[in-house]
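Chemist: Coordinates for the following, if possible.
(chains A and B)
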2 protein chains.
Amino acid sequence: MRIIELNESSRKKILENLLKRSPHQYETYNETVAQIINDVRSNGDEALFLYTKKFDKVDINADNIKVTDEETEYAYKQVDPKLIDIIRKAKANIEEFHIKQKQNSWIDASKEGIILGQKITPIEKVGVYVPGGKAAYPSTVLMDIIPAKVAGVKRIVMVTPPDKDGRVNPGTLVAAKEAGVTEIYKVGGAQAIAALAFGTESIPKVDKIVGPGNIYVALAKKAVYGYVSIDSIAGPSEILVLADETANPRYVAADLLSQAEHDELASSILITTSRNLADKVLEEIENFLKTLSRSDIIKKSLANYGYILIAKNMNEAIEATNEIASEHLEIMTKDPYSDMTKIKNAGAIFIGEYSCEPLGDYMAGPNHTLPTNGTARFFSPLSVDDFVKKSSIISYNKDALEKIYKDIETFALSEGLSAHANSVSVRFNN
Amino acid sequence: MRIIELNESSRKKILENLLKRSPHQYETYNETVAQIINDVRSNGDEALFLYTKKFDKVDINADNIKVTDEETEYAYKQVDPKLIDIIRKAKANIEEFHIKQKQNSWIDASKEGIILGQKITPIEKVGVYVPGGKAAYPSTVLMDIIPAKVAGVKRIVMVTPPDKDGRVNPGTLVAAKEAGVTEIYKVGGAQAIAALAFGTESIPKVDKIVGPGNIYVALAKKAVYGYVSIDSIAGPSEILVLADETANPRYVAADLLSQAEHDELASSILITTSRNLADKVLEEIENFLKTLSRSDIIKKSLANYGYILIAKNMNEAIEATNEIASEHLEIMTKDPYSDMTKIKNAGAIFIGEYSCEPLGDYMAGPNHTLPTNGTARFFSPLSVDDFVKKSSIISYNKDALEKIYKDIETFALSEGLSAHANSVSVRFNN
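Modeler: Below is the predicted model of the structure:
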């Protein structure tokens, strides 16, 4: 963690350094990923099982690939009942928030003889990728499945890599069941993405794939984009705290560390107008590091992608904040609501000193699957909108079309499209 | 054009045949496209100008790449004033429809001490690709720029390939100006997509790229997806007419032909419960073909991708319609509104015999940039939503966080994330 003065040149360097964390940096793996995808597309289950043997070191076949009711029941016995209660509380909050995102179909029938509108339909089949091993987060399972359920998706197909004994993390199974998953298959990696995109004998072809994964999963999602839809290409996690002299340095330090522990590519940034705060935050970080279990990871991520940036004034601080476009943004300033109105690019905005980032990760309700790596400039948090699609509705009666058909004819002919012109004129010329 | 009975096996074959039209079939060009992109990314304008010389056979440089006010003024003189009036009428209708799509930011402040919400922000910079040559459609320029403008995008950067004399289609220039473009550059192809995604000395880096193009443009858009956002990967146009014995065969035939004229890969499909209608439509098509200017293209597209499908009943017809998921769907049946409620997958739905597809292409108001090639299963028409992004808002006060912080702590620790747990507990333990 270093303290740096914000200026044109430091901003440019920092932005460049942060982009090194992008999954796009690994495009040399594209060939390997393309090979896996083509193989699964051509050879279905056979290829899928071979890759699972190769990468996950476990024999999966058509009989044991699908998680059974018994396995799920057993998972419920393995998970602390207290945690199951918390998962249910979280689910209720997540559901409540996402229900508010639901859009209605609408029509405009204000002009005689004309109905125009937008029809909303849930996507029929959705695939949810859930990482295995140490990155198996039940909270993410809730965040990925609940919006699909709220949207009205009929079939929610989860895939997740099994461990060497062919088992799936029990917390993952409980969260999936609570969230309303339809079926779960024990496969992971690029091969699981290929199976969801093209279907195999065991795995149904879906319309959209969501959920985070390692670099192979990220590149596979990009490769199948267009055959199916995807949520986004997820990069490492990040937090940006925007703070002035009124912020509590202990809270700021704790929150920066909470993202730094995710992995060595995570990024934690403080932008502040107060040099005094910067110094104190650095001190608090040193203190916390003595006690935190993942301090090795934290130290590496802070060394590589951690910054404390000193801004001359709040305007400059906010400008840099918008430029970095962080996944998580905490605002701890005198007037955080007013500052929020100036934020253009951020996945989620946490306002005030009691709105710490982990609140959003687990319990508040808004989705924690958020745009990373500067993509908050154009991507949004995962939402109910991701699980529906729209169809336009156009209906004119004869009178309404008659008033306008000559314009259509002229416009079409100007573009050289005489069959387009014919399609309107045939209805009036005899 | 052939008449085929709908059944399991014919459906499967037809779907496979239609997918041959997908841009994904050309992934062998990916290497060429990647090379162009990398070159423009590394060498900026220099590479951009070289490719323009190579592909468009014209010398473009930093001084003449940007369309000047004089060029736009001259374009207004070249375009028929009657057409300019029609463009303005179309613009008013498109604007009126898209304004209805605008979503508001919202908050939920119903629980004491808690504010949750969703903030909508326009994307700052958008690139619009407009094809040149014969595929230069002023109507598409309106459809791509107006939603961005309605969304509040500040900078709308258009690119379009120049002709051999370094000029741009005057209709394109007029439509762009009327729609509210910010600036226009004379470049096209994969090199223009690369310039928009990464920026060059002349072309600003944008956040999202929209608009149709040839196969190189489509693959380039997929390649830069993630660095920027894109609207979709556009494939050839298509129409599906769902009709029963009440439909007018002359109108059905004219509408099928209107899409077939686009290009040889276009697809026109009639699904009907009436053998009698099928025969008559075929007759009408033969008649029309004698007079239409683009009959060579039409004959090829009908031969390759045109179908008249006979369904045993309306349920089977609708099921096949949903399976094909056409870009444009016309419903000409006894009860078209009731049938519309059963449609799950379609870009735009035209209801009743006076709602012909070209009405939607030019004047009605809904967007004509629509999901093609079966992607209506998961993609939507271009809309104002494409030009905004969302940020979640999370704000808890001390009391609200205190009630829930132990749950967050437990959940975080169950996932092995002690720094997450620390971020909440530090606010209450001293």
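
Chemist: Which parts of the stretch 101-250 of chain A are helices?
Modeler: Per DSSP state H, counting those that start in this stretch, the stretch 101-250 of chain A has helices spanning A:138-151, A:170-179, A:189-198, A:215-224, A:249-260. These are given in chain order.

Chemist: ok, of those helices, where does mean pLDDT dip lowest?
Modeler: Comparing mean pLDDT across these, the lowest value falls on helix A:215-224: a mean of 93.

Chemist: Taking their axis directions, it and helix B:215-224 sit at what angle?
Modeler: Taking axes from the mean of the first three to the mean of the last three C-alpha atoms, to 10 degrees, one finds helix A:215-224 and helix B:215-224 inclined to each other by 160 degrees.

Chemist: Would you mark the buried spots in helix A:215-224?
Modeler: Of all the residues in helix A:215-224, those buried under the rule 16 or more other C-beta atoms under 10 Å in any protein chain shown are A:216, A:217, A:218, A:219, A:220, A:221, A:222, A:223, A:224. The way it works is simple: take the backbone N, C-alpha and C, and place the C-beta from them, glycine included.

Chemist: Can you lay out those residues as CSV showing distance to chain B?
Modeler: Written out in CSV, the entries for the buried residues of helix A:215-224 read as follows (distance: C-beta to the nearest C-beta, whole Å):
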residue, distance to chain B
A:216, 15
A:217, 14
A:218, 9
A:219, 10
A:220, 13
A:221, 9
A:222, 6
A:223, 9
A:224, 9
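
Chemist: Going by distance to residue A:251, which of these wins?
Modeler: Top of the list for closeness to residue A:251, among the buried residues of helix A:215-224 and by C-beta to C-beta, is residue A:218 at 32.3 Å.

Chemist: What residue, apart from its backbone neighbours, is nearest that closest one spatially?
Modeler: residue A:23 (4.1 Å; C-beta to C-beta, 6 or more residues apart in numbering or on different chains).

Chemist: same question, residue A:354
Modeler: residue B:401 is the one closest to residue A:354 (C-beta to C-beta, 6+ apart), at 4.4 Å.

Chemist: Rebuild the helices of the stretch 101-250 of chain A as CSV, extending it with distance to residue B:405.
Modeler: Formatted as CSV, the entries for the helices of the stretch 101-250 of chain A read as follows, by distance: least, C-beta to C-beta, whole Å:
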stretch, distance to residue B:405
helix A:138-151, 15
helix A:170-179, 20
helix A:189-198, 36
helix A:215-224, 33
helix A:249-260, 12
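
Chemist: For residue A:71, which of these is the nearest?
Modeler: Put simply, out of those the one that sits nearest residue A:71 is helix A:170-179, at 6.8 Å, with distance taken as C-beta to C-beta.

Chemist: Could you figure out how far that closest one is turned away from helix A:138-151?
Modeler: Going by the same axes, to 10 degrees, helix A:170-179 makes 20 degrees with helix A:138-151.

Chemist: what about residue A:29, distance to chain B?
Modeler: The span separating residue A:29 from chain B equals 14 Å under the rule C-beta to the nearest C-beta, to the nearest Å.

Chemist: got it, and residue A:270?
Modeler: If you measure residue A:270 against chain B using C-beta to the nearest C-beta, the figure is 14 Å.

Chemist: quick revisit: residue B:302: which of the buried residues of helix A:215-224 is nearest?
Modeler: Compare each of those with residue B:302 using C-beta to C-beta and the shortest gap goes to residue A:224, at 31.3 Å.

Chemist: quick revisit: and whichever strand or helix holds the residue nearest to residue A:354, which residues are buried?
Modeler: Assigned by DSSP states H and E, residue B:401 belongs to helix B:398-414. Neighbour-count burial for helix B:398-414 flags B:400, B:401, B:404, B:405, B:407, B:408, B:409, B:410, B:411, B:412, B:414 (criterion: 16+ other C-beta under 10 Å).

Chemist: and what of stretch A:3-18?
Modeler: Neighbour-count burial for stretch A:3-18 flags A:6, A:11, A:14, A:18 (criterion: 16+ other C-beta under 10 Å).

Chemist: again with stretch A:267-280
Modeler: A:267, A:268, A:269, A:270, A:271, A:272, A:273, A:274, A:277, A:278, A:280.

Chemist: is it true that residue A:300 lies in a helix?
Modeler: Yes: the secondary structure assignment for residue A:300 places it in a helix, going by DSSP: H, G, I helix; E, B strand; the rest coil.

Chemist: Tell me the spatial nearest neighbour of it, not counting adjacent residues.
Modeler: On the basis of C-beta to C-beta, 6+ apart, the spatially nearest residue to residue A:300 that is not a chain neighbour turns out to be residue A:264, at 4.3 Å.

Chemist: I'd like to know how far the one you found sits from chain B.
Modeler: Going from residue A:264 to chain B by C-beta to the nearest C-beta gives 14 Å.

Chemist: and if you look at residue A:81?
Modeler: Relative to chain B, residue A:81 is positioned 12 Å away (C-beta to the nearest C-beta).

Chemist: what about that residue, how many neighbours?
Modeler: Residue A:81 is flanked by 9 other residues according to other C-beta atoms under 10 Å in any protein chain shown.

Chemist: Dump the helix or strand just after the helix holding residue B:401 to CSV, restricted to CA.
Modeler: Remark: after helix B:398-414, the chain's next helix or strand is helix B:418-425, criterion DSSP H and E. What follows is helix B:418-425, C-alpha atoms only, in CSV (Å, rounded to 0.1, in the frame of the first residue of the first chain):
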residue,chain,number,x,y,z
SER,B,418,-12.3,-13.0,8.1
ALA,B,419,-11.5,-9.5,6.8
HIS,B,420,-15.1,-9.3,5.6
ALA,B,421,-16.2,-10.2,9.1
ASN,B,422,-13.8,-7.7,10.6
SER,B,423,-15.2,-4.9,8.5
VAL,B,424,-18.6,-5.2,10.3
SER,B,425,-17.4,-6.2,13.7
